[in-house]
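# from the sequence below, what's the structure:
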Amino acid sequence: MKPKIQTVVMVIISLVIVFYSCSAFGTGTWNWYKHGNTVYDVTAQGEYIWCATRSGIVKWNRLDGTYEQINPFHNNNFFRSIAVDDNGVVWLTSNSSNIIRFHGSTAETFTDVDGISLTNVTAITFDQNGMVWCSGWGIACFDGVKWSKYNKVQTPETHCFASAADSNGVVWFASLGAYSFDGTEWKKYTSENGLTDLLVKAIAVDKNGVVWFGAHDGAYRYDGTVWTEYTTEDGPVNNTID
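From the prediction side, this is the model:
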């Protein structure tokens, strides 16, 4: 997540994307940005909102509500995830599991030939060193020159649903359990650590460096030492958070 709450957002069929701008929690105005496409992922860049849809990219101006439909390719503009790096470069994953770097009017596609070999890629994250992490069935990272693929011994044994990076350079992954990678060592977190639900599908890092996980039995908070679980008894309207 960017930090962003990055999950596979097949949320709205006949788009209805909602953004809530507020000066304090509980106040503000709901703004609706409408477009007739299935939206799979959303990310923010200053005054703009970028969406990955099944028929291209949609870029909204949050200030005036205008939008631009962008189709980088003549065919297969079905995108599942989207993220914008610090240089304003848009990164996308396609329905065919390719990874696209898009800047201005130029699109560059990375495939298995480049060493990715991932399928169903649904998460993109940038770490503190500028590395690009893409994950789905497998995990790969890009250092600006080449891609590196991590095998199943090192990474989640099943699909990775979401990812996020903290300010210490640690990258976190949501899968069957939670995983972290600090550049050298992989760690797995399960019920033995306090994460009682193994199906983790959402992840985000807050401004204090606390890592939050969404699972099927509630939300989990990890401060680096203690795991805390939150369920409907604590306030969430539903225990399934993905």
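# average pLDDT across stretch 115-130?
On average, the pLDDT along stretch 115-130 is 87.
# ok, and for it, which residues are buried?
For stretch 115-130, a neighbour-count test (16 or more other Cβ atoms under 10 Å) marks 116, 118, 121, 122, 123, 124, 125, 126, 127 as buried. All C-beta atoms are positioned from the backbone trio N, CA, C, and that covers glycine.
# ok, of these, which one's closest to residue 156?
For these, the closest approach to residue 156 (Cβ to Cβ) belongs to residue 123, at 11.2 Å.
# helix, strand or coil for that closest one?
The assignment at residue 123 comes out as strand when based on DSSP: H, G, I helix; E, B strand; the rest coil.
# spit out the contact partners of it.
6, 8, 81, 133, 134, 135, 136, 160, 161, 162, 163, 173 (Cβ atoms under 8 Å, 6 or more residues apart in numbering).
# let me have these in TSV, extended by neighbour count, secondary structure and distance to residue 200.
Converted to TSV, the contacts of residue 123 look like this (neighbours: other Cβ atoms under 10 Å; DSSP: H, G, I helix; E, B strand; the rest coil; distance: Cβ to Cβ, whole Å):
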residue	neighbour count	secondary structure	distance to residue 200
6	26	coil	13
8	19	coil	13
81	26	strand	17
133	23	strand	16
134	26	strand	18
135	30	strand	13
136	20	strand	15
160	27	coil	10
161	24	coil	7
162	27	strand	8
163	26	strand	11
173	25	strand	9
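# need these in a markdown table with distance to residue 181 and pLDDT, can you?
Converted to a markdown table, the contacts of residue 123 look like this (distance: Cβ to Cβ, whole Å; pLDDT from 0 to 100):
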| residue | distance to residue 181 | pLDDT |
| --- | --- | --- |
| 6 | 17 | 37 |
| 8 | 21 | 33 |
| 81 | 19 | 90 |
| 133 | 9 | 94 |
| 134 | 13 | 92 |
| 135 | 11 | 89 |
| 136 | 16 | 87 |
| 160 | 11 | 86 |
| 161 | 16 | 88 |
| 162 | 14 | 91 |
| 163 | 10 | 93 |
| 173 | 8 | 93 |
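# state the pLDDT value of the closest residue to residue 218 other than its chain neighbours.
Here the nearest residue to residue 218 in space, its sequence neighbours aside, is residue 231; by Cβ to Cβ, 6 or more residues apart in numbering that works out to 4.1 Å. Per-residue confidence (pLDDT) for residue 231: 80.
# would you list the phi and psi of residue 231?
The phi and psi values for residue 231, taken as degrees, to the nearest 10, are phi -130, psi -170.
# so it versus residue 216, what's the distance?
According to Cβ to Cβ, to the nearest Å, residue 231 stands 11 Å off from residue 216.
# what's the answer for residue 182, then?
Separation of residue 182 from residue 216 (Cβ to Cβ): 27 Å.
# repeat for residue 98
Here residue 98 is placed at a distance of 30 Å from residue 216 (Cβ to Cβ).
# for this structure, which spans come out with low pLDDT?
Confidence mapping of the chain against pLDDT under 70 gives the ranges 1-28, 30-37, 74, 152-155, 157, 197, 237-239, 242.
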